[in-house]
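Give the three-dimensional model of this entry:
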Amino acid sequence: MTRSTIVRALALTVTSALATATLAAPAHAHANANSHADAHGRAVSDLPAVTPRAETQVLHDDEAGGNADADDPAIWRNTAAPGRSLVIATAKEGGLRVYDLRARTLQSLSTPPAAGPDDAPGRFNNVDLVHGLRLASVRADLAVVSDRGHDRLRFYRIDRDRVGGPLTDVTDPAAPPVFSKNQDEINGQRTAYGLATWTDPTSGKSFALVSRRERTSITLLELRPTRAGKVTYRTVRTLDLPSTFRLPNGTSWSPCGEPGELPQVEGMVVDPVNGTLYAGQENVGIWRLRADLTGGRPKLIDKVREYGVPGIYDEETEECAPGDDPGYGGSKLSADVEGLTLVTESDGDGHLLASSQGDSTFAAYDRQVKDDNAYEGGFRIAPANSGLDGSEECDGAAALNAPLGPQYPNGLLVVQDGHDVPGEGDRPATNFKFVDLGTVMDALND
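The predicted structure is shown next:
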C-alpha cells in the first residue's frame, strides 16, 4: 500500500468521525465538527460544481495498459496560434503524453530503459515548463520532467509542428542523479518526485525545484544548456521541511506512514512575479517560501483536516489506525493535498488552486502574499450532461489564464482524474479532464 493510500484511509476515517460527532464531544472537537464546510458555511456536497468539456483517453496501470497512470499535466500555449496549444502530461511508467485542446493524443513517449535487469524502470512523475531557454544559439521552450525511476530530470524541446511529434528529448546523457549517490540508492526510490520550474527575472537563469519521495527535502537545481544543445543541471541548495510538529497541547505529532517514511512534498508551483514557492506537504498542508530557498522560515498557510490526528501503523494490514482528532487541523483540505497551480491575472490578482484529494474538491487561495493567501472558496469537478465523469482523488492540475482559441477563450484548467468512469472491471483507470477556466472563476465569484 502506498503512502497516499494510507493517508486517504486515514482521511476517510477522520471524515466519518467528524460527520458523526455528538454533543458529548470535547469542546475542541466541535471546532472541527464542521470541517466539511468551506469559509462560507457550505458543505462539500454544496460546493459549486463545474464540469469538464473534454477528457483524454483512459490510461490503465497494469501490464496490459503499459503500466500507464495519469499523474501531472502542464499547458503549453502556442503564441502564434493559441488554438493549437498543447497539454503535456506524465503517465508514470507509461512515459509522457501530448494532447491537443480536444484531448486527442498527439504523441506518446516512453521512459528511458532501466539501467540493468534488476534496476528500477523509468517513471515520470511531474512535469512543468521552461520558456525561452537558449539551446545552441536559439531560444526554445522545454517540458521538464521528474524521472522518479532514475532519480533524474528529463528535458524535452517543444516544437508544435515537428514531424513525428512536438517533443524531442534534449536531456544531457551525463545529467546526474538528483538525490542518490549510486544505483542502489536509486533502486530504493527515495528519488526525484515533485517538480516546479522558475526563471529568476533578475539573473535570467532558469531553475527546477524538486522534492524527494518519502523525505521532506526540496532541492534547487540550476538548468544548464550544453554546447551540444542538450540540458543538464547542478544543485544550488537544499531545504528540509519539518517532519515533526509541536501541537498547541504541548505534544509532538508526525503524520502516520510506513516505517522510515517522512511526510513528502509533491505538488509545487512558483509565482513568477514574486518568486514565491508554494509546496504541498501531502498530509500536512501548504507551505509558502522563497523559490531560491533562502531567507526566513517557510510558513504553513493552511493545514489538512487530519493535521495532528495520531495514527498507529499496522504492518499486517499496511494501514494506519487513527486516534481521536484533537481539532488542530484545517477546514479546507483533506489529505492528501496534491496538485497546486496558479491562476494569474494581469492586475496581479489571481488564485492558488489546490487539489484536496481526500474529498475530491479544490480549494482556492488569494495569490497575494500581502493578504496572507486568504482562502477564497472551493469547487468540485462533477460529471457533465454529455456523459463525461468528473474528477476524483486528483493528483495533478495545471491552469492557464489566457485565451486558447475558440475552444477555451477564457483559459483552461486540466486536472487528473484518479478514477475514470466507466472503468473496465478491476483495472485501475485514470485520465485527464479539460475544464473551461472561465466556469471555475465564475464558481469562485458566486
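
Now do the strands in the stretch 101-250 of the chain.
In the stretch 101-250 of the chain, the strands defined using DSSP state E, counting those that start in this stretch lie at 105-109, 124-135, 138-147, 152-158, 167-169, 192-199, 206-212, 217-225, 231-240, 245-246.

Of those strands, which is nearest residue 281?
strand 206-212 (9.0 Å; Cβ to Cβ). (Glycine included, C-beta is placed from N, CA and C.)

partners of the closest one, with directions?
strand 192-199 (antiparallel), strand 217-225 (antiparallel) (DSSP bridges).

do you know which of the ones you listed lies nearest residue 356?
Nearest to residue 356 among the strands paired with strand 206-212 is strand 192-199; the distance by Cβ to Cβ comes to 16.8 Å.

hang on, the earlier thing: so can I have CSV of the strands paired with strand 206-212 showing mean pLDDT, distance to residue 50 and mean neighbour count?
Below are those laid out as CSV (pLDDT from 0 to 100; distance: least, Cβ to Cβ, whole Å; neighbours: other Cβ atoms under 10 Å):
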stretch, mean pLDDT, distance to residue 50, mean neighbour count
strand 192-199, 98, 25, 26
strand 217-225, 98, 31, 20
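
Same list as before, those that is, but in a markdown table and with distance to residue 160 included.
Converted to a markdown table, the strands paired with strand 206-212 look like this (distance: least, Cβ to Cβ, whole Å):
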| stretch | distance to residue 160 |
| --- | --- |
| strand 192-199 | 19 |
| strand 217-225 | 21 |
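
who wins for proximity to residue 91 among the strands of the stretch 101-250 of the chain?
Residue 91 sits nearest to strand 124-135 of all the strands of the stretch 101-250 of the chain, at 6.7 Å, using Cβ to Cβ.

need the strands for the stretch 301-446 of the chain, in chain order.
Taking DSSP E, counting those that start in this stretch, the strands of the stretch 301-446 of the chain run over residues 311-314, 319-322, 337-344, 350-356, 361-366, 375-381, 397-400, 412-417, 429-436.

Pick the most deeply packed of those strands.
Greatest average neighbour count among these goes to strand 412-417 (a mean of 28), per mean count of other Cβ atoms under 10 Å.

Specify the angle between that one and strand 350-356 in degrees.
Orientation check (axes from the mean of the first three to the mean of the last three Cα atoms, to 10 degrees): strand 412-417 against strand 350-356 gives 10 degrees.

which residues of the stretch 1-150 of the chain score low on pLDDT?
1-43, 45 (pLDDT under 70).

Swap in 90 and give it another go.
Segments of the stretch 1-150 of the chain classed as low confidence (criterion: pLDDT under 90) are 1-46, 63-64, 136-137.

among the strands of the stretch 301-446 of the chain, which is nearest residue 177?
Checked against Cβ to Cβ, the stretch from these lying closest is strand 337-344, at 25.0 Å.

tell me what that closest one is packed against?
strand 265-271, strand 276-281, strand 285-290, strand 350-356, strand 397-400, strand 412-417, helix 437-445 (3 or more Cβ pairs under 8 Å, 6 or more residues apart in numbering; DSSP states H and E).

Present those as CSV; the columns should include mean pLDDT.
Shown next, in CSV, are the helices and strands packed on strand 337-344 (pLDDT from 0 to 100):
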stretch, mean pLDDT
strand 265-271, 98
strand 276-281, 98
strand 285-290, 98
strand 350-356, 97
strand 397-400, 98
strand 412-417, 98
helix 437-445, 95
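
closest one to residue 302 among the ones you listed?
strand 285-290 (5.1 Å).

For the closest one, buried residues please.
For strand 285-290, burial by neighbour count (16 or more other Cβ atoms under 10 Å) applies to 285, 286, 287, 288, 289, 290.

How many residues are close by the residue lying closest to the first one once chain neighbours are set aside?
To tie it back to what came earlier, the one meant is residue 285. In space, not counting the residues next to it along the chain, residue 285 is nearest to residue 303; the distance is 3.9 Å by Cβ to Cβ, 6 or more residues apart in numbering. A count of nearby residues for residue 303, using other Cβ atoms under 10 Å, gives 22.

rewinding a little: which one of the buried residues of strand 285-290 is nearest residue 358?
Of all the buried residues of strand 285-290, residue 285 has the smallest distance to residue 358: 12.5 Å, by Cβ to Cβ.

what's near enough to touch that closest one?
Going by Cβ atoms under 8 Å, 6 or more residues apart in numbering, residue 285 touches 300, 301, 302, 303, 304, 307, 330, 333, 337.

Go through those residues and say which is closest to residue 207.
Nearest to residue 207 among the contacts of residue 285, counting by Cβ to Cβ, is residue 301 at 22.0 Å.

Need the pLDDT of the closest one.
Residue 301 carries a pLDDT value of 97.
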